[in-house]
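Enquirer: Let me see the structure of the following:
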Amino acid sequence: MNQLPLTDADISRIVEMAWEDRTTFEAIEVQFCLNESAVVSLMRLHMKPSSFRMWRKRMAGRATKHAALRDGNVQRHRASHTRQ
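Expert: Okay, the predicted model is just below:
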């Protein structure tokens, strides 16, 4: 996938989506062409070190952040201000 330059608003939205429990890394990849490792790198770059560590600890082992690991009962949710 060809990655476009990210605006400040894009970066802010990616950070917001990464913090959300129900937003998968796959959803971020579809909208912004960033895979999980790219999201981790972006979070590391744009967060304070302590906030990044707290986020990584929170995300470790969280099944809801990966579509393949999700329970089938979890329905997709799209906020009104996200890209299509």
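Enquirer: What average pLDDT does the helix or strand containing Ala18 get?
Expert: Under the criterion of DSSP states H and E, Ala18 resides in helix 8-19. Mean pLDDT, computed over helix 8-19, is 94.
Enquirer: buried residues in that helix?
Expert: Using 16 or more other CB atoms under 10 Å as the test for burial, helix 8-19 gives 10, 13-15, 17-18. Every residue, glycine included, has its C-beta placed from N, CA and C.
Enquirer: Mind checking what helix or strand follows it in sequence?
Expert: Along the chain past helix 8-19, the next helix or strand (assigned with DSSP H and E) turns out to be helix 25-32.
Enquirer: So which bits of whatever helix or strand comes next after that next one are buried?
Expert: Remark: after helix 25-32, the chain's next helix or strand is helix 36-46, criterion DSSP H and E. By neighbour count with 16+ other CB under 10 Å, helix 36-46 contains the buried residues 36, 38-40, 42-43.
Enquirer: Give me the residue ranges of this protein where confidence is low.
Expert: 1-4, 63-84 (pLDDT under 70).
Enquirer: what residues are up against Leu6?
Expert: Taking CB atoms under 8 Å, 6 or more residues apart in numbering, we find Leu6 in contact with 14, 32, 42.
Enquirer: try 7 Å
Expert: Contact analysis of Leu6 by CB atoms under 7 Å, 6 or more residues apart in numbering lists nothing.
Enquirer: That one: what secondary structure?
Expert: With DSSP: H, G, I helix; E, B strand; the rest coil as the basis, Leu6 sits in coil.
Enquirer: Please state the backbone phi and psi of it?
Expert: When read as degrees, to the nearest 10, the backbone of Leu6 gives phi -90, psi 140.
Enquirer: how near is it to Phe32?
Expert: The gap separating Leu6 from Phe32 is 7 Å, by CB to CB, to the nearest Å.
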